[in-house]
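Enquirer: Here is the input, now give the coordinates:
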Amino acid sequence: MSVSLSDVVAKRVCIEGRVQGVWFRWWVVGQARANGLVGWVRNCSDGTVEAHFEGPAGGVEHLIAACGDGPPAARVDRVDAVATAPEGLAKFSQRPTT
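Expert: Numbers count the residues shown, from 1 in each chain. Alright, predicted model coming up:
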């Protein structure tokens, strides 16, 4: 499915809780790709997971909502999402910890 640039939204997401060491990043990559999104996900040194979701609004909002549960071993306490500029990425990937 082709999406025009005017239909693309981007959100920066911060996930708090027990979200490191529980395959959260791997799970996000799979969910993002399944929803046709591009972007990235990484662990942060403060124990959170940060992500950039980019694509059709429905897919982005669906993944943000899904992050509230995460994979089975995770415990998500909070998900914050803010609009940001699209980065024009070609795929969804994991990035190094910051």
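Enquirer: So what touches the longest strand along the chain?
Expert: If each strand of the chain is counted by residues according to DSSP state E, the longest one is strand 8-18. For strand 8-18, the surrounding residues in contact (Cβ atoms under 8 Å, 6 or more residues apart in numbering) are 24, 39, 44, 47-57, 60, 64, 67, 70, 73-87. Backbone N, C-alpha and C define where each C-beta goes, glycine included.
Enquirer: Please repeat the previous calculation with a cut-off of 6 Å.
Expert: In this structure, residues lying in contact with strand 8-18 by Cβ atoms under 6 Å, 6 or more residues apart in numbering are 48-54, 57, 60, 64, 67, 74-82, 84, 86.
Enquirer: same deal with stretch 56-69?
Expert: Contacting residues not belonging to stretch 56-69 are listed as 3, 7, 9, 11, 13, 15, 31, 35-37, 53, 76, 79, 81 [Cβ under 6 Å, 6+ apart].
Enquirer: ok, now with 7 Å
Expert: Contacts of stretch 56-69 from elsewhere in the structure, counted by Cβ atoms under 7 Å, 6 or more residues apart in numbering, are 3, 7, 9, 11, 13, 15, 31-32, 35-37, 53, 76, 79, 81.
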